[in-house]
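J.: pasting a predicted model and its sequence here:
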Amino acid sequence: MKKAHVLFRIFISTLYLSAFTFGGGYVIVTLMKKKFVDQYHWIRQEEMLDLIAIAQSSPGAIAVNGAIVVGYKLAGLTGALTAILATVIPPFLIIWVIALFYDAFRSNRIISLLLEGMQSGVAAVIAAVVYEMAAGIVTGKDACSILILAGSFTASCVFGLNAAYIAAACVLLGVFRTLAGRREKKA
């Protein structure tokens with residue numbers, strides 16, 4: 001497939017995902033998986049999980065970070081730049097329109113009720129993302145990954161530990177596992 005065609009599909013896909021995804025970056029994760037893994041078969045399921053982990057642990061919006069890593073994986077620097085542009089255009093335009101009509105939106109009861117109703121749908125989509133990501137780890141049957149998943153969940157939900165500390169600990173564990181795996185292969 002020609003690079004220009006891939007770039008066009010990256011642009012259209014990420015533009016579409018960005019324009020019709022409400023509720024934050026985690027909502028876009030499932031839609032990116034469906035588009036790039038299930039529909040286009042450009043990325044494997046395991047790669048998508050790795051790319052989302054990279055996007056999540058990087059500073060900035062997860063939707064933009066996810067688009068960057070997927071775009072870069074598919075078409076290098078031009079793919080990343082294309083994905084960035086397509087991902088930021090819809091929110092920019094939406095915020096611009098809202099800013100123009102802020103006073104009308106702020107006091108409109110119907111808009112307020114619509115946004116409240118959307119929160120339920122967003123919560124369901126985020127729950128689906130969590131389920132799919134956790135299921136991918138559990139079905140992989142890697143005991144260490146399952147322990148990291150359970151430990152991270154417990155640290156966050158039971159002990160209220162800051163997500164930055166949990167992410168840092170997971171990065172260190174991942175580095176340690178990688179280095180240990182390389183030593184085993186050399187031996």
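T.: Cool, got the structure.

J.: could you point out where this protein is predicted with low confidence?
T.: Scanning the chain for pLDDT under 70 picks out 1, 23-26, 106, 187.

J.: residue closest to the middle of it?
T.: Centroid-nearest residue in the chain: Val29, 3.9 Å away (criterion: Cα atoms, centre = their mean).

J.: report the buried residues of the top helix by length along the chain.
T.: Counting by DSSP state H, the longest helix found in the chain is helix 62-100. Residues of helix 62-100 classed as buried: 62-75, 78-84, 86-88, 90 (neighbour count, 16 or more other Cβ atoms under 10 Å). The way it works is simple: take the backbone N, C-alpha and C, and place the C-beta from them, glycine included.

J.: try stretch 37-45
T.: Val37, Trp42, Ile43.

J.: same question, stretch 130-145
T.: Glu132, Met133, Ser145.

J.: what do you get for stretch 47-55?
T.: Met48, Leu49, Leu51, Ile52, Ala53, Ala55.

J.: centre of the chain versus stretch 104-118, how much separation?
T.: Relative to the mean C-alpha coordinate of its chain, stretch 104-118 is positioned 27 Å out (Cα atoms, centre = their mean, to the nearest Å).

J.: ignore what I typed, I meant stretch 101-108.
T.: 31 Å.

J.: next: stretch 172-184.
T.: Worked out by Cα atoms, centre = their mean, stretch 172-184 lies 25 Å from the chain centre.
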